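Asks: sequence and predicted structure are below.
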Amino acid sequence: MKNAHFENYYKTQKVVPDEEWDAFMERLRAPLPTTFRLAGFRETATVLNDLIKTTYISTLSNEVDGEVVQPPAQIPWYPDGLAWQFNVSKQVLRKNPDFKRFHSFLVFETEIGNISRQEAVSMLPPLLLDVKPHHLVMDMCAAPGSKTAQLLEALHTPPADPSPSNPIPPGLLLANDSDHKRTHLLIHQSARLPSPSLLVTNLDASIFPVIRVGAEHMGGEAGKGTRQLLFDRILCDVPCSGDGTLRKNMGIWLKWGVGDGNGLHSLQLRILQRAMRLLKPGGRVVYSTCSLNPVENEAVVAAALRSIPHFTLAPTSSSLPALQRRPGLKSWTPAFFLGGKRELRFFPTYEEYVAALSEKDDKKYTESMWPPTDEGEEGWALDRCMRIYPHLQDTGGFFIAVLEKRAKDDAPEAKKRQADAPEDCTAEPTTKKVKLESAGEDVTMGDLAEVGDAGRSASPSANGEAKVAPRMEADTDKKEKPQGKRGKGKEREGTGGSFKENPYTFLPPDDPIVKTCIEKLHIIPSFPDHNLFVRNPSGEPARSLYLTNDIVRSVILNNDYNRIRLMTAGTKLFVKQEAAKSASKSADEDADGREGEGSSARFRILSEGLPVVYPFIKPETVMDADLKTLQALLETYHPLCESFQEPFRTAITEKPSGCHVLKFPEEKNVGGNLTHELVLPIWKSNVSISLMIDKKAKSALSLRVFGKDITTAGRALASNQKAKVATDSASTVVAEEETEHIVVAEDDLEQSNDNIDNA
Ligand SMILES: C[S@@+](CC[C@H](N)C(=O)[O-])C[C@H]1O[C@@H](n2cnc3c(N)ncnc32)[C@H](O)[C@@H]1O
């Protein structure tokens, strides 16, 4: 864990005071503690957090086999104590039954998305973005999506806690990443919180195209054409050299070179500049990296502020008071290897760098990498940025800047600059690189132009709403070629992989399938059925129905989904339940195939979508159930209706076959403890019912409520293990392996979470 260039470079930059250098380096060499946060809808997060405190932490001791162990602790700066840190060795997890139990709880809940293992510092940018349910939000470099998940949670959390989560917030979150494969990770990750407000695109953020929405979504009048979608909040968690993650990604010690950060500066700046142009007046951009390098951090922020008017750096010193941080650097010295020499050369000024270039050297670096030479505007002071160092609070290294765009009539000092630079926020970026110097800035902001359809090829109707009946398809007749490199077989610049997604087709509310769903699933009239869509070229509700909110619908209807490389939108809500036999298979791992009944195809509520649709289900049709019923549903795949106790037995027997929703109140009984109200979907066939949640969710629920895995799969696993122990004379070795299984499961998780944490 040594790298002479790294030490030389950062010592010269004076990232930390000399007297802290040794502590800084020492901590960089220490392993990173495990950190996680409670994810998903606020209600579930709070319940699980209480469970961690009352059921688990209270049982964990401070000493295991003579080893002092620090029990998990809440991260002091994370709101509502919903994030935790712990530093326990694998030996302790193996040896101590209480830690083992806590560990398997974490593993199960992580698998089903209620817990997100995420680096502590990576949780910061979404907090500083301060997202509200009505905000139009963009996550420019979003994959694999740990911050996207936090932004979604914020979008669904009403400002006045403890009001219930908003299942269909009016705002929007557009999560984008240029890496095609990684957008799939992003989709998987964000599906854990079903959101009708989500869009995922696969575009190069530095040339992110103009997206249009109905004028009413941008402060105009409904029916008055479309306007450019501008955002209230934008997260730029840009690609970076990642040397702040040294504690986790030890390979960086070997590979670190100054070229990594230098080479990324220009892309980082172009991404931030594009974000600034896509922001509404009064809006906020958070720029973040997991790098310690000022060339990737302060230099990018300074150059962006100089190139685009109306922005200031928001002071961050008073936010999250329990967070230990340092101010941004005001001076630094870029360094390079010139002429292939292995000696790192520092250049205090751009001019000195240019003078040192030989004829053979490319002048590939821009002046924007050096600290600004003038004072700049008030409000550009780089010490308003935030630097996090490992030795301050036992975390990774991180950098954050919060840029705010002045509200329209709040920018007297920027008036002259504004006059100098006529603005057109509707301008499409070109695929050419945007010039980095302020004089070269070509796109600025201004009034939101109201644009009728005449000049817009991507608007299906005069009022911004599709007029297609009976099925409304988003603008497929007016496909534009994707921007960037054009031509047959060529992929879009900056995006990997081809784009072969299915179209988005809205269903009219009088569609027979929609009408049947609404009726059979007992949904009230205020449900926004006009926002249901399917994803196939014919527009048939063949398998799944998805739900958006109004603004996401407007994006889909007013833009060619191919041009904006729209990978997914909204959330899947209803799925077709084919014949009972295959249906039960899809819901669980049914092997007995007992049911040939109820064969007609119908739709059911997807369990993941239930939080969204539940507020729209007629309350009188929701069935009351108790812990005994839950126990039976977890223990058996298809318990017979007659096997239940009264009054549930009669109630379920009288119900027609199909999808029903059960409500379980708080209860302590039959060896279980349900600490919060729970709603779950079931499918009733003629004589039996099945719980329509997947195997992992069943096991996690079982562990949470009954303290052990009572599901069929869980019992099978336990009995296999028992048999193994019985036949193995070296039973201690087996026990070790069993624990290994959990540890291995966590290693897998760590692997996928490492992908998820950062790049
Ligand atoms: C630091 S990671 C983002 C991590 C993510 N925000 C999270 O919290 O999970 C940077 C991401 O930027 C993406 N990326 C790289 N160049 C890009 C570009 N030009 N436009 C958009 N995304 C880009 C990478 O694919 C990578 O997923």
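Replies: Noted; the coordinates are in hand.

Asks: could you use CA atoms for every contact and neighbour count after this?
Replies: Fine.

Asks: residues of the stretch 101-250 of the chain that sit close to the ligand?
Replies: Neighbours of the ligand within the stretch 101-250 of the chain, by C-alpha under 6 Å from any ligand atom: 140-147, 177-179, 204-206, 237-239.

Asks: now, which of those lie within strands?
Replies: Those of these mapping onto strands are residue 237, per DSSP state E.

Asks: would you mind listing which of the residues of the stretch 101-250 of the chain next to the ligand are buried?
Replies: Buried members of those, scored by 16 or more other C-alpha atoms under 10 Å, are 140-147, 177-179, 204-206, 237-239.

Asks: now do the contacts for the residue nearest to the spatial centre of the chain.
Replies: Taking C-alpha atoms, centre = their mean, the centroid of the chain lies closest to residue 148, which sits 2.3 Å from it. Each residue near residue 148 by C-alpha atoms under 8 Å, 6 or more residues apart in numbering is listed here: 139, 142, 175, 190.

Asks: nearest to residue 272 among those residues?
Replies: residue 139 (11.5 Å; C-alpha to C-alpha).

Asks: number of residues surrounding that closest one?
Replies: 27 (other C-alpha atoms under 10 Å).

Asks: who's it bridged to?
Replies: Under DSSP bridges, the beta-bridge partners of residue 139 are residue 175, residue 235.

Asks: wouldn't it be in contact with residue 172 here?
Replies: No - using C-alpha atoms under 8 Å, residue 139 is not in contact with residue 172, being 10.8 Å away.

Asks: what's the helix or strand for residue 526?
Replies: Following DSSP states H and E, one finds residue 526 outside all helices and strands.

Asks: for the stretch 301-450 of the chain, give me the ranges with low pLDDT.
Replies: 339-341, 409-450 (pLDDT under 70).

Asks: show me where it has helices.
Replies: With DSSP state H, counting those that start in this stretch applied, the stretch 301-450 of the chain shows helices at 350-356, 390-393, 415-420, listed in chain order.

Asks: re earlier: now the residue nearest to the centre of the chain: how far from residue 313?
Replies: 23 Å (C-alpha to C-alpha, to the nearest Å).

Asks: what of residue 523?
Replies: Taken as C-alpha to C-alpha, the span from residue 523 to residue 313 is 47 Å.

Asks: what of residue 152?
Replies: Counting by C-alpha to C-alpha, the gap from residue 152 to residue 313 is 25 Å.

Asks: please say which of these two ends up with more neighbours.
Replies: residue 152 (28 against 24).

Asks: that one contacts residue 171, doesn't it?
Replies: No - applying C-alpha under 8 Å, one finds residue 152 not in contact with residue 171, separated by 10.0 Å.

Asks: buried ones in stretch 369-389?
Replies: For stretch 369-389, by 16+ other C-alpha under 10 Å, it's 369-372, 380-389.

Asks: burial measure for residue 188, as a count.
Replies: 13.

Asks: secondary structure element for it, which one?
Replies: Going by DSSP H and E, residue 188 is in helix 180-190.

Asks: elements contacting that helix?
Replies: helix 146-155, strand 198-201 (3 or more C-alpha pairs under 8 Å, 6 or more residues apart in numbering; DSSP states H and E).

Asks: could you say what helices and strands the helix or strand just after the shortest one packs with?
Replies: In this case it means strand 198-201. Where DSSP H and E defines the elements, the next helix or strand beyond strand 198-201 is strand 212-214. Under the contact definition 3+ C-alpha pairs under 8 Å, 6+ apart, strand 212-214 sits against strand 226-228, helix 550-558.

Asks: what about residue 317, how many neighbours?
Replies: Neighbours of residue 317 using other C-alpha under 10 Å come to 16.
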